[in-house]
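**Student:** Provided below for reference: sequence and predicted model.
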2 protein chains.
Amino acid sequence: MPESIWLREDASPRRPRLSRERIVEAAVGLLDAEGVPGFSMRALAARLRAGTMSLYEYVRSKEDVLDLALDEVIGEIEEPREPGPWRGTLAGQLTQSRAVMRRHPWVPALTATRPLLGPNALARSRLFYSALARAGLSGPELTAAVGTLSSYVNGFVASENIWWATVRTPAADAEIRARVAGHLNEREAELARHSQVDDGDFDRQFLLGLDLILDGIAARLPP
Amino acid sequence: MPESIWLREDASPRRPRLSRERIVEAAVGLLDAEGVPGFSMRALAARLRAGTMSLYEYVRSKEDVLDLALDEVIGEIEEPREPGPWRGTLAGQLTQSRAVMRRHPWVPALTATRPLLGPNALARSRLFYSALARAGLSGPELTAAVGTLSSYVNGFVASENIWWATVRTPAADAEIRARVAGHLNEREAELARHSQVDDGDFDRQFLLGLDLILDGIAARLPP
DNA sequence: CGGTTTTCCGTACAGTGCACGGAAGGACGT
DNA sequence: ACGTCCTTCCGTGCACTGTACGGAAAACCG
């Protein structure tokens, strides 16, 4: 009589417990929770209840895990179901990009150092190119437009994230404002006093900057 | 008879050998040579022929050194001697920013994670604000314009640096192109074949994207 | 059953940032 | 002249990192 299922530990332990997918998923969770400095292979393995070196069966290095985690979250951006007007398509994609980078604040720091060659990253850049190509752009102007948009969203959310990470407390907020004010003359300080910052401000700022660029692009489209 | 100057080892050894300036200067050199991953307090101390822990007399942590090094190289950007037209001023400042980030390729990665509150960074952002304020911008549009410009230059040079770091060899170049081409259909692949990249291309791209944004800004100026 | 392959992982090593405490020497009060 | 203090320098040590290596166990294959 084979051992009852209640006595067996679990399903065949030979089906590998780990997998690249599980590792990447855990990596994203760990990065969300602890950020890049708190991300270590030992912590990642602990999260998966596995030995540290087991990870290296599925991944060549820590860098690999970071690359995979990055492409994974880029995949959270949904492609538009059907082709629409270029401006709306791009605004939607970029707004989603921003949302992803806010959910996963470690993303901008990583994109600043590694090439984005994962399947999801490539699919997204392809989408940008084709939207603007259909709108009538081509050649260096096309490349420049795509590059400008990506640079903008990365840079914007990077500083947004820094801001939220830095001014966690009202005290820190006041300290920063004081430091900045120390470098301004009276008229400038007066202006700065009116530049309060809250959640909504970033949303507004983001859309304003985006419109700025999109207007610049629109001015370059063939008539 | 006091010992001759030729017999004395050096000037008073009591004048401190180290200083914050010396440390920061060495840090910039080390970062230029080895990049962020190769930057360690031990290596920095070795470069100064000092014990590792001596550095901590002048600096609280490695993070401090990075912050100081960052503001140091931002200081390499020259302020315009006299106020000129806004467009030229900004284009000049941003071109210089790009040059600094090309000379010191570790900069974009650091700006993506740390607040820029050093004196040189503050002076530069103040210059941007005042140039655009004089041009007639104010309120959220002013903030958005400044933010867009900084985000653009950071993002652009970040990917430029990644590109140069990644395609060091023709083989690597071919490999990347092949990988990207695998994700394109025929018509797109045809277009991509024409997008060669060399030094001059980045210069052109940079100016094209910059013009894009500056045009968008110009469209928002009061008549 | 023997051999091979795949997964798992303990150990070990060279490297990290930095806390601590001590040593050396100039400055200074008496 | 002599103790006292303060500044600068830095050796040692600790907890932690990424990962090379090699071994153990288990499943599959003949």
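**Tutor:** Cool, got the structure. As the structure is a prediction and not an experimental result, all values here were calculated from the model.

**Student:** can I see the domain layout of chain A?
**Tutor:** If you go by automatic domain parsing, the domain ranges for chain A are A:5-73, A:81-220.

**Student:** got the end-to-end distance for the last one?
**Tutor:** Across domain A:81-220, the straight-line distance between its terminal residues is 27 Å, by CA to CA, to the nearest Å.

**Student:** near DNA strand D at all, that domain?
**Tutor:** No: judged by CB under 7 Å from any atom of the strand, domain A:81-220 stays clear of DNA strand D, getting no closer than 13.6 Å. Glycine gets a C-beta too; all of them are placed from N, C-alpha and C.

**Student:** what is the mean pLDDT for that domain?
**Tutor:** Throughout domain A:81-220, pLDDT has a mean value of 91.

**Student:** deepest-packed of the domains of chain A, please.
**Tutor:** domain A:81-220 (a mean of 17; mean count of other CB atoms under 10 Å in any protein chain shown).

**Student:** show me where chain A has helices.
**Tutor:** Applying DSSP state H to chain A gives helices spanning A:20-34, A:41-47, A:62-74, A:86-103, A:107-111, A:119-135, A:139-166, A:170-181, A:186-193, A:199-218.

**Student:** can you tell me how far residue A:146 sits from residue A:32?
**Tutor:** 28 Å (CB to CB, to the nearest Å).

**Student:** ramachandran angles for the nearest residue to residue A:36 once chain neighbours are set aside?
**Tutor:** Leaving aside its chain neighbours, residue A:36 sits nearest to residue A:106 (5.0 Å; criterion: CB to CB, 6 or more residues apart in numbering or on different chains). Dihedral pair for residue A:106: phi -80, psi -10, per degrees, to the nearest 10.

**Student:** mind listing what residue A:106 touches?
**Tutor:** Contacts for residue A:106 (CB atoms under 8 Å, 6 or more residues apart in numbering or on different chains) come out as A:31, A:32, A:35, A:36, A:39.

**Student:** switch to 6 Å and redo it
**Tutor:** Applying CB atoms under 6 Å, 6 or more residues apart in numbering or on different chains to residue A:106 gives the contacts A:31, A:35, A:36.

**Student:** residue A:35 too?
**Tutor:** Applying CB under 6 Å, 6+ apart, the residues contacting residue A:35 are residue A:106.

**Student:** switch the cut-off to 8 Å
**Tutor:** A:105, A:106.

**Student:** nearest residue to the residue nearest the centre of chain A in space, please, no chain neighbours.
**Tutor:** For chain A, residue A:101 is the residue whose C-alpha lies nearest the centre (CA atoms, centre = their mean; 3.2 Å). Counting by CB to CB, 6+ apart, residue A:101 lies nearest to residue A:157, which is 4.1 Å off, once chain neighbours are set aside.

**Student:** quick check: the one you found vs residue A:111, distance?
**Tutor:** If you go by CB to CB, the gap between residue A:157 and residue A:111 works out to 10 Å.

**Student:** for residue A:164, same thing?
**Tutor:** From residue A:164 to residue A:111 the distance is 18 Å (CB to CB).

**Student:** thinking residue A:48 is in contact with residue A:23, fair?
**Tutor:** Yes: contact criterion CB atoms under 8 Å: residue A:48 and residue A:23 qualify, at 6.9 Å.

**Student:** intersection of neighbour lists for these two?
**Tutor:** By CB under 8 Å, 6+ apart, the residues touching both residue A:48 and residue A:23 are residue A:55.

**Student:** how about the helices of chain A, which one is nearest residue B:172?
**Tutor:** helix A:62-74 (15.6 Å; CB to CB).

**Student:** how big is the angle separating the closest one from helix A:119-135?
**Tutor:** 50 degrees (axes from the mean of the first three to the mean of the last three CA atoms, to 10 degrees).

**Student:** mean confidence score for helix A:62-74?
**Tutor:** So the average pLDDT for helix A:62-74 ends up being 98.

**Student:** gap between that helix and the chain center?
**Tutor:** 11 Å (CA atoms, centre = their mean, to the nearest Å).

**Student:** and stretch A:94-105, by the same measure?
**Tutor:** Using CA atoms, centre = their mean, the offset of stretch A:94-105 from its chain centre is 5 Å.

**Student:** so what touches it?
**Tutor:** A:28, A:31-32, A:35, A:73-74, A:76-78, A:107-108, A:149, A:152-154, A:156-158, A:160-161, A:164-165, A:206, A:210.

**Student:** now swap in stretch A:172-189 and tell me
**Tutor:** A:166, A:167, A:192, B:115, B:117, B:119, B:122, B:123, B:126, B:129, B:130.

**Student:** could you single out the nearest of these to residue B:220?
**Tutor:** Distances from residue B:220 to those, taken by CB to CB, are shortest for residue B:129, at 15.2 Å.

**Student:** show me the contacts for the closest one.
**Tutor:** Contacts of residue B:129 (CB under 8 Å, 6+ apart): A:188, B:142, B:146.
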